[in-house]
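Participant: whatever this is, show me its structure:
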Amino acid sequence: MKILTVVGARPQFIKAAAVSRVMKDHQDIHEVILHTGQHYDANMSEVFFREMEIPEPAYNLGIQASLQGEMTGRMIEGIEKIIISEKPDALLVYGDTNSTLAGALASNKLFVKIIHVEAGLRSYNMKMSEEINRILTDRISDLLCCPTANAVRNLESEGFADFNCTYLNTGDVMLDAALFYSQIAETKSTIVRDLNLDDFVLLTFHRAENTNDPRRLSDIVKALNAIHPTKRVVLPLHPRTKKTVEALGLKLNMDVIPPVGYFDMIELLKNCKLVVTDSGGLQKEAYFFQKPCVTLRDETEWTELVELGCNKLVGADPVLIQSSIFEMLKQKFNFDNELFGGGKASQNIISAIETYL
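Facilitator: Next comes the predicted model:
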């Protein structure tokens, strides 16, 4: 069986690393990796392939565009040509990016089966492009690999039991990656020592709902600037966020560092006291490494973490952001609940592919 895997953004590189590593051990499966080029900064893309020993992509479309429609359209065109050339038995996509949707649409039009890893997630915010991408990808997929029981319930509530597809809870491949690379990160990364980090808050924000809204962005920066004199704030700054911050003339009075590779991010997560983020993936990774999280969004796909109390939604309210950070720093949380598959998701996904496709 030939699998064409489509990736394009940092979280997908991490997920692909976990699944590709297991796939290598199955001689009945041959994987061909296609990189759309959606993340083109070396620190956001190439470093992950090097660090995580992901097989070099057989194809790199190098597609970058400022308009989402243009980007997605060009990706569909490029992926379609490769599908015709490679003739895969199935196409595998991860998550909810433009690369995900483009791969699924191109595959569907050519009657190639679609495997969606991280299926069934819902924020119920239809203004998010990611929500549109994941809903449409789920609807045309043949094998839907859900990371949690909640994701399965979401699909069932939307009538997927009546559709011509298979869906199941395989667990979350991000946990597989975190467990596998955690020990490696200790020997590969020196970031904690280099920056002399001890008692600090790890901050990331990059989502369009925050960076494209000057008021929200200003409020978030204001809140974290106010935190920094009391509790050190470390911010690996996303290139797009940096551009927007500079355009608005905002001052970041905190420890701003360039984007970091996965090993450095793991070490930052393991050594911080709290995570503040608008990233879906980082909310989970905070839980993996037993850190509380304050989420700069009005909703989240990972409702299980909010229900446990270790993740708090604060939107962009500067007063709520500040009070929640100090509140979460004082509390102790239980991270023993097994929500994400116990590190066996990749094997479960490969077994599902062999069983159902």
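Participant: worst mean pLDDT across the helices and strands of this protein, which element?
Facilitator: The weakest-scoring helix or strand in the chain, judged by mean pLDDT, DSSP states H and E, is helix 46-51 (a mean of 68).
Participant: how about the longest helix seen in the chain: buried residues?
Facilitator: Assignment by DSSP state H gives helix 68-86 as the longest helix of the chain. For helix 68-86, burial by neighbour count (16 or more other Cβ atoms under 10 Å) applies to 71-76, 78-80, 82-83, 86. The C-beta positions use only the backbone N, C-alpha and C, and glycine is treated the same way.
Participant: point out where this structure drops to low pLDDT.
Facilitator: Applying pLDDT under 70 to the chain flags residues 39-48.
Participant: ok, K251 to V245 distance?
Facilitator: Going from K251 to V245 by Cβ to Cβ, to the nearest Å gives 9 Å.
Participant: equivalent analysis for K24, please.
Facilitator: Distance of K24 to V245, given as Cβ to Cβ: 41 Å.
Participant: more neighbours: which of those two?
Facilitator: More crowded of K24 and V245, by other Cβ atoms under 10 Å: V245, with 20 against 11.
Participant: now the helices: where do they sit in the stretch 1-150 of the chain?
Facilitator: Secondary structure of the stretch 1-150 of the chain (DSSP state H, counting those that start in this stretch): helices located at 10-23, 46-51, 68-86, 98-109, 129-140, 149-157.
Participant: including distance to S323, could the ones you listed go into TSV?
Facilitator: TSV is the format used below for the helices of the stretch 1-150 of the chain (distance: least, Cβ to Cβ, whole Å):
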stretch	distance to S323
helix 10-23	30
helix 46-51	36
helix 68-86	35
helix 98-109	36
helix 129-140	28
helix 149-157	28
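Participant: and these: which comes nearest S182?
Facilitator: helix 10-23 (12.6 Å; Cβ to Cβ).
Participant: can you give me the strands in the stretch 151-300 of the chain?
Facilitator: Under the criterion DSSP state E, counting those that start in this stretch, the stretch 151-300 of the chain carries strands at the ranges 166-169, 200-204, 232-236, 255-257, 274-277, 293-295.
Participant: how far does the second one sit from its chain's centre?
Facilitator: Relative to the centre of its chain, strand 200-204 is centred 17 Å away, using Cα atoms, centre = their mean, to the nearest Å.
Participant: repeat for stretch 154-167
Facilitator: Relative to its chain's centre, stretch 154-167 lies at 23 Å (Cα atoms, centre = their mean).
Participant: alpha carbons of it, as PDB, please.
Facilitator: Output in PDB follows, covering the C-alpha atoms of stretch 154-167 (Å, rounded to 0.1, in the frame of the first residue of the first chain):
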ATOM      1  CA  ASN A 154     -18.600  15.100  17.900                       C
ATOM      2  CA  LEU A 155     -18.700  13.000  14.800                       C
ATOM      3  CA  GLU A 156     -21.500  10.900  16.100                       C
ATOM      4  CA  SER A 157     -23.600  14.000  16.900                       C
ATOM      5  CA  GLU A 158     -23.000  15.100  13.300                       C
ATOM      6  CA  GLY A 159     -24.400  11.800  11.900                       C
ATOM      7  CA  PHE A 160     -21.100  10.200  10.800                       C
ATOM      8  CA  ALA A 161     -22.500   6.800  11.700                       C
ATOM      9  CA  ASP A 162     -24.700   7.100   8.600                       C
ATOM     10  CA  PHE A 163     -21.800   8.100   6.300                       C
ATOM     11  CA  ASN A 164     -19.700   5.800   4.200                       C
ATOM     12  CA  CYS A 165     -16.600   6.000   6.400                       C
ATOM     13  CA  THR A 166     -14.900   4.600   9.500                       C
ATOM     14  CA  TYR A 167     -14.100   6.600  12.600                       C
END
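Participant: what residues does it touch?
Facilitator: 119-122, 138-139, 141-146, 152, 352, 356 (Cβ atoms under 8 Å, 6 or more residues apart in numbering).
Participant: PyMOL command for the buried members of these?
Facilitator: In PyMOL, a selection of the buried entries from these looks like this (16+ other Cβ under 10 Å):
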select buried, resi 119+120+121+122+138+139+141+142+143+144+145+146+152+352
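Participant: ok, of the contacts of stretch 154-167, which one's closest to F288?
Facilitator: Checking those against F288 by Cβ to Cβ gives L121 as the nearest, at 16.8 Å.
Participant: quick check: V32 touching T5?
Facilitator: Yes. The pair V32 and T5 passes the contact test of Cβ atoms under 8 Å, sitting 7.0 Å apart.
Participant: ok, these two, which is more surrounded?
Facilitator: T5 (28 against 17).
Participant: hang on, that one packs against E31?
Facilitator: Yes. Using Cβ under 8 Å, T5 is in contact with E31, at 5.7 Å.
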